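[1] Here is a sequence with its predicted model. Questions after.
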Amino acid sequence: MHSDAAAVNFQLNSHLSTLANIHKIYHTLNKLNLTEDVGQDDHQTGTDDVVGPEGMEKFCEDIGVEPENVVMLVLAWKLDAQNMGYFTLQEWLKGMTSLQCDTTEKLRNTLDYLRSLLNDSTNFKLIYRYAFDFAREKDQRSLDINTAKCMLGLLLGKIWPLFPVFHQFLEQSKYKVINKDQWCNVLEFSRTINLDLSNYDEDGAWPVLLDEFVEWYKDKQMS
């Protein structure tokens with residue numbers, strides 16, 4: 001019984017030590033915060049509870065990645081972060097505990113694992129869907145077109161051969177925002193439609209955005 005109690009105490013002390021270390025990293029980053037707050041609709045807190053852009057920049061520097069690297073989006077997904085450019089203390093503690101990372105070195109060693117999640121089609125779809133809500137302004141239901149282009153490039157730019165022409169289409173289009181249905185259908189389109197668009201069904205349930213892209217692309221090829 002004594003050995004069992006000792007084991008429980010050891011595990012508890014180890015867990016508390018891990019939490020303390022996670023807290024320490026968080027508050028080190030927190031000291032670098034800018035004086036801006038997250039929107040009141042999302043967090044009724046000031047910068048005491050939120051690591052902001054400057055802290056995030058230092059964090060990225062510490063783990064050796066650029067802030068715009070897709071692995072940071074995967075990390076945000078694992079932390080279930082709600083606002084792009086910000087981590088709350090609650091998100092940080094929950095996520096880092098889940099990842100079993102209580103030092104920046106351990107987190108650096110976890111980056112390959114986080115990147116590997118993108119290779120699983122189910123995880124990729126979850127991350128892709130998460131990215132829409134993560135990146136949009138919380139008082140808006142749609143994603144502004146410039147942010148959408150950046151996020152699509154981050155997620156699909158290296159894996160969808162048609163992305164460059166789709167990006168070009170968006171550049172010259174009338175669209176100012178992309179809604180969630182359009183966003184989700186772009187992923188489905190990239191996964192199921194042939195590069196020559198030969199299996200695209202104009203009478204299918206695709207959004208008008210993609211009908212217009214297909215028409216624009218075919219006209220472009222003929223000209």
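    Sure thing, it's come through.

[2] Export stretch 71-82 to CSV, keeping only CA atoms.
    In CSV, the C-alpha atoms belonging to stretch 71-82 read as follows (Å, rounded to 0.1, in the frame of the first residue of the first chain):
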residue,chain,number,x,y,z
VAL,A,71,2.6,23.8,-38.5
MET,A,72,1.5,26.8,-36.4
LEU,A,73,-2.0,26.3,-37.7
VAL,A,74,-1.9,22.6,-36.7
LEU,A,75,-0.6,23.6,-33.3
ALA,A,76,-3.4,26.2,-32.9
TRP,A,77,-5.9,23.4,-33.9
LYS,A,78,-4.4,21.1,-31.2
LEU,A,79,-4.7,23.9,-28.6
ASP,A,80,-8.3,24.6,-29.9
ALA,A,81,-7.3,28.3,-30.1
GLN,A,82,-10.2,30.6,-31.0
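
[3] Residues in contact with that stretch: which ones?
    42-43, 60, 65, 84, 87-88, 91-92, 94-96, 98-99, 111, 114-115, 117-118, 126-127, 130-131, 134, 138, 154-155 (Cβ atoms under 8 Å, 6 or more residues apart in numbering). Bear in mind the C-beta positions are built from the backbone N, C-alpha and C, glycine included.

[4] do stretch 206-218 as well
    Residues contacting stretch 206-218 (Cβ under 8 Å, 6+ apart): 162, 165-166, 169, 173, 175, 178, 181-182, 185-186, 189, 197, 200, 202.

[5] any idea how far the spatially most central residue of the chain is from Phe132?
    Taking Cα atoms, centre = their mean, the centroid of the chain lies closest to Leu73, which sits 2.9 Å from it. Computed with Cβ to Cβ, to the nearest Å, the distance linking Leu73 and Phe132 is 11 Å.

[6] after the worst-scoring helix or strand of the chain on mean pLDDT comes which helix or strand?
    In the chain, no helix or strand scores lower on mean pLDDT, DSSP states H and E than helix 2-30, which sits at a mean of 51. Per DSSP states H and E, the first helix or strand lying C-terminal to helix 2-30 is strand 50-51.

[7] Now do that next one: which elements does it pack against?
    helix 2-30, strand 87-88 (3 or more Cβ pairs under 8 Å, 6 or more residues apart in numbering; DSSP states H and E).

[8] Counting neighbours, which bits of the helix or strand hosting Glu171 end up buried?
    Assigned by DSSP H and E, Glu171 falls within helix 163-172. Using 16 or more other Cβ atoms under 10 Å as the test for burial, helix 163-172 gives 163, 166, 169-170.

[9] out of those residues, who's nearest Asn146?
    Within those, the smallest distance to Asn146 is 9.5 Å, found for Leu170 (Cβ to Cβ).

[10] Now for the closest one: which residues touch it?
    Contacts of Leu170 by Cβ under 8 Å, 6+ apart are 145, 148-149.
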